[in-house]
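**Student:** Fold the stuff below for me.
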Amino acid sequence: MTTQDTRKGAGNGSPSAEETQILGPLRPPRDVADPPTTALPVIPAPPAEDPPTPTWVERNRPLLDRWLSPVLAVLALAMLPLATATTDLDALDGWGLAKVLGPAAWAALLFAIGACLSELYARRPRIPMLGAATGVLILCSTGLPSVIQPAARFGTAWTITGFVDAVAVANGVPPQGLDARFSWPAFFAQWAWFREAAGADQLDVVLRWFPPAVVTVWAIGIYALARSMLGGTRAPWAAAWLFVGLNWIEQDYFSPQATGICLLLTVLTFALGPLATRRTDPSGAPGWPAPHLGAKRLPLWHRWLVSAGTPPNRPTLPPRQLLLVYFCAALCILAVIPAHQLTPFAILGQLALLAIVGRYRGRGLVLIGIIGVVLFILIAARDIWMNQITLFIGDGNTGAALESGVGDRLTGDFGQQVVKYGRFLIAALSYGLGFLGAIIYWRRRRDLVPIGLAVVPMGFAAQGYGGEGFLRILLFGLPILTILGADLLRFLVRWRGWMRPVLAVGMVALFAILIFLRGGNDSYQVVYPRDAEMYRQVVATTPPGQNVMPLSDPGPFAIEGLTSFGRGGGIEGCGRIAAAGTQEQMLSCIAQINPDVIVNFRDIEAQGVHLFLNKPGWSLDLANALTASGQYYMWFQHPDDPYDFVLRKTGAPVIDATTQGRPG
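**Tutor:** Below you'll find the predicted structure:
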């Protein structure tokens, strides 16, 4: 057969090899019948079942998602006036505010929690509604004393207004040596300027509403920080609520440290948000480099070295925006240095940790902070640096600080003891949630840096700062602890769906405990407007230079005239007359201090009874003993409350306020 025959065929009509390759295999002729097929039996389809009847919630889900949260929030606000009218503050005892609250106050709290959870569980949560519900929750929990009580609580807050008044009256910072807190005058000068700009002489309204306002700002900071660390739309709100629910520390009154926490959260949000970098392996996976499939697991030290040697990614923002954020962070650090003693060191410690692990761009912030602190200590606070350096570095006596910060606080009657031990349990719960959340965070992102941020403030314990040092340690670490705790709660909800109602019940219990713990000292922290009015009258009628002394520290003492009058003190065992012991010891302390004016409030009487276990009426008995001796006379006693009184030394001059007015 020739090549042509092979290409065209052998003449018998069969296709060539080339045609077969193009046309495919041969098909059987059309006249050949297909092989028979076997018919399969037809299986009838099962009868269609009626769809399940939707529940009332499923039928009305869009309506509920839209209106349930706003309605509950409005109901919570509507309960607050009724809560004020049904709370008997005169019945306060060692159990605090929770015991005297009426049903309307607890209903307001339940409605506020319902508003938050109903919006969180909606199909599409609305951020404005979540923010509004969070504000209502803060007002019905942290802000409940501001709503119910007629004036700001906490005698320390009223004393700080005395610092503001001193700066405003002197048109500058008073001479050093009067009080060490004047060495950090930024907060006092700021509010003195606000007061003068507003044309106001008093900050009573600001003091009353400052706690819920500043906690709202803190919650915004927690939400922003949680968005950077956790992502998602629901977990950051849960972190903010958890922070509010665990914040029993009560450092949110009118004070420099409250503003300092705002600046600390701002700096951390910048560092872990727009300035953040993230170490990744060559494949782009975050965290430590993972071994190849089937490869032997690398030793721990090897993974550390490889991770540390992996260069961090750059932030994604344009350079101009990064420069602006960098400038704002530096401004926050410089602003907090002249306002508070401890907060700058907490910020610098946390930033230093983030800089060591390469977690943010702009490590020069640490250098800026160190230079700012050194210059402030050497120049602005030179007297403190030379004479009272322990205010910066502490005395190093950790045991004494532990005794004053923990042991000395576990005093009082049975109600006070329950409150104090409950606070320690909630503090332990905060760290427990944080460390368990750190395990979940590690499993998800291979990152242990956040728990390090919560551990850094523990360095203040070794410093031996003082009684409130441990409160500050918990406060500085609480933002990170609650964010990690929210990550743990999110894991539990994803692991088991039935955990959602359990956590909702837990939220109700947590906020009920919060009101109990925060209001546990209100028997001797509640302040009435008549107290402030009485002390202002004392200032107006007392010549400058006289020694005005309260029987203890609660109440609106030193709200004015801080630089005009002495306050006694300096005698061992006589810092608080109410805690001196027996009446003979109290009289001995008064004789050594020799005050010209003695001031007492109902708060001081209640503190002596519930905290120092004095017998009821001890302050009136002491006043009667002093007047019987002839050394003092009863200058004023409030007709509605006999425990509000003023004693003056016999023969001491008194200014007639009606003719001469307040001394300048």
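**Student:** Tell me how far Tyr643 lies from Leu120.
**Tutor:** Distance of Tyr643 to Leu120, computed by Cβ to Cβ, to the nearest Å: 46 Å. In short, each C-beta sits where N, CA and C put it, glycine included.
**Student:** swap in Pro450?
**Tutor:** Relative to Leu120, and taking Cβ to Cβ, Pro450 is found at 23 Å.
**Student:** So if I had to pick from those two, which one is more boxed in?
**Tutor:** Pro450 (24 against 20; other Cβ atoms under 10 Å).
**Student:** So that one is in contact with Phe435, correct?
**Tutor:** No. Applying Cβ atoms under 8 Å as the test, Pro450 and Phe435 come out as separate, 10.8 Å apart.
**Student:** what touches both of those two?
**Tutor:** Common contacts of Pro450 and Phe435 (Cβ atoms under 8 Å, 6 or more residues apart in numbering): Leu484.
**Student:** all helices of the stretch 101-250 of the chain, in order?
**Tutor:** Assigned by DSSP state H, counting those that start in this stretch, the helices in the stretch 101-250 of the chain fall at 103-120, 127-140, 144-148, 155-170, 186-198, 204-229, 235-246.
**Student:** got CSV for the ones you listed, with distance to Gly545 too?
**Tutor:** Below are the helices of the stretch 101-250 of the chain laid out as CSV (distance: least, Cβ to Cβ, whole Å):
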stretch, distance to Gly545
helix 103-120, 46
helix 127-140, 44
helix 144-148, 36
helix 155-170, 15
helix 186-198, 23
helix 204-229, 27
helix 235-246, 46
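**Student:** right, and these - which one's nearest Thr84?
**Tutor:** The closest approach between Thr84 and any of the helices of the stretch 101-250 of the chain, judged by Cβ to Cβ, belongs to helix 144-148 at 5.2 Å.
**Student:** and for the closest one, what are the contacting residues?
**Tutor:** By Cβ under 8 Å, 6+ apart, the surrounding residues in contact with helix 144-148 are 80, 83-84, 87, 89, 97, 101, 105, 109, 139, 152-153, 208-209, 211-212, 515, 518-519, 522, 526.
**Student:** what about Met634, which SS state?
**Tutor:** What DSSP: H, G, I helix; E, B strand; the rest coil gives for Met634 is strand.
**Student:** List the contacts of it.
**Tutor:** 623, 627, 645-647.
**Student:** Filter the residues you listed down to just the ones in strands.
**Tutor:** When DSSP state E is applied, the contacts of Met634 are split such that 645-647 fall in strands.
**Student:** now, which of the contacts of Met634 sits nearest Pro639?
**Tutor:** Nearest to Pro639, judged by Cβ to Cβ, of the contacts of Met634 is Phe645 at 11.0 Å.
**Student:** How many residues are close by the closest one?
**Tutor:** Neighbours around Phe645, by other Cβ under 10 Å: 19.
**Student:** go on, Ala170?
**Tutor:** By other Cβ under 10 Å, the residues close to Ala170 number 13.
**Student:** Is it in contact with Thr563, as I believe?
**Tutor:** Yes. Assessed by Cβ under 8 Å, Ala170 is found in contact with Thr563 at 6.7 Å.
**Student:** circling back to that earlier point, looking at the helices of the stretch 101-250 of the chain, which is closest to Gln546?
**Tutor:** The closest of these to Gln546 is helix 155-170. By Cβ to Cβ, the value is 16.0 Å.
**Student:** CA atoms only for that closest one - export them in PDB, please.
**Tutor:** C-alpha atoms of helix 155-170 as PDB (Å, rounded to 0.1, in the frame of the first residue of the first chain):
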ATOM      1  CA  GLY A 155     -14.200  63.200  99.800                       C
ATOM      2  CA  THR A 156     -11.000  63.000  97.700                       C
ATOM      3  CA  ALA A 157     -12.800  64.400  94.700                       C
ATOM      4  CA  TRP A 158     -13.900  67.400  96.800                       C
ATOM      5  CA  THR A 159     -10.400  67.900  98.000                       C
ATOM      6  CA  ILE A 160      -9.100  68.000  94.500                       C
ATOM      7  CA  THR A 161     -11.500  70.900  93.800                       C
ATOM      8  CA  GLY A 162      -9.600  72.600  96.600                       C
ATOM      9  CA  PHE A 163      -6.500  72.300  94.500                       C
ATOM     10  CA  VAL A 164      -8.300  73.700  91.500                       C
ATOM     11  CA  ASP A 165      -9.600  76.600  93.600                       C
ATOM     12  CA  ALA A 166      -6.100  77.300  95.000                       C
ATOM     13  CA  VAL A 167      -4.700  77.500  91.400                       C
ATOM     14  CA  ALA A 168      -7.600  79.700  90.300                       C
ATOM     15  CA  VAL A 169      -7.300  82.100  93.300                       C
ATOM     16  CA  ALA A 170      -3.500  82.400  93.200                       C
END
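**Student:** Going by neighbour count, list what's buried in it.
**Tutor:** The neighbour-count check on helix 155-170 (16 or more other Cβ atoms under 10 Å) flags 155, 157-169 as buried.
**Student:** Can you pull the poorly scored residue ranges out of the stretch 251-400 of the chain?
**Tutor:** 278-298, 300, 302-314, 381-400 (pLDDT under 70).
**Student:** try it again with 50
**Tutor:** 281-285, 287-289, 400 (pLDDT under 50).
**Student:** same check, this time on the chain
**Tutor:** In the chain, residues with pLDDT under 50: 1-11, 22-23, 281-285, 287-289, 400-402, 659-664.
**Student:** Just the strands from it, written as ranges.
**Tutor:** Along the chain, counting by DSSP E, strands occupy 548-550, 597-600, 632-637, 645-649.
**Student:** List the contacts of Arg648.
**Tutor:** Here Arg648 is in contact with 596-598, 632-633, 635, 654 (criterion: Cβ under 8 Å, 6+ apart).
**Student:** Please work out how many residues are found near Phe557.
**Tutor:** 26.
**Student:** Could you do the one 5 residues further on as well?
**Tutor:** Burial of Leu562 is recorded as 25 neighbouring residues (other Cβ under 10 Å).
**Student:** Wait, it touches Val164, no?
**Tutor:** No. Leu562 is beyond contact range of Val164, at 9.3 Å (criterion: Cβ under 8 Å).
**Student:** neighbours around Met458, how many?
**Tutor:** Residues near Met458, counting by other Cβ under 10 Å: 14.
**Student:** Selecting buried members of the contacts of Arg648 in ChimeraX, what would you type?
**Tutor:** A single ChimeraX command is used to select the members of those judged buried by 16+ other Cβ under 10 Å:
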select :596,597,598,632,635
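**Student:** Adding distance to Val42, write the contacts of Arg648 out as TSV.
**Tutor:** Compiled in TSV, the contacts of Arg648 are given as follows (distance: Cβ to Cβ, whole Å):
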residue	distance to Val42
Asp596	110
Val597	106
Ile598	105
Tyr632	111
Tyr633	113
Trp635	108
Val654	112
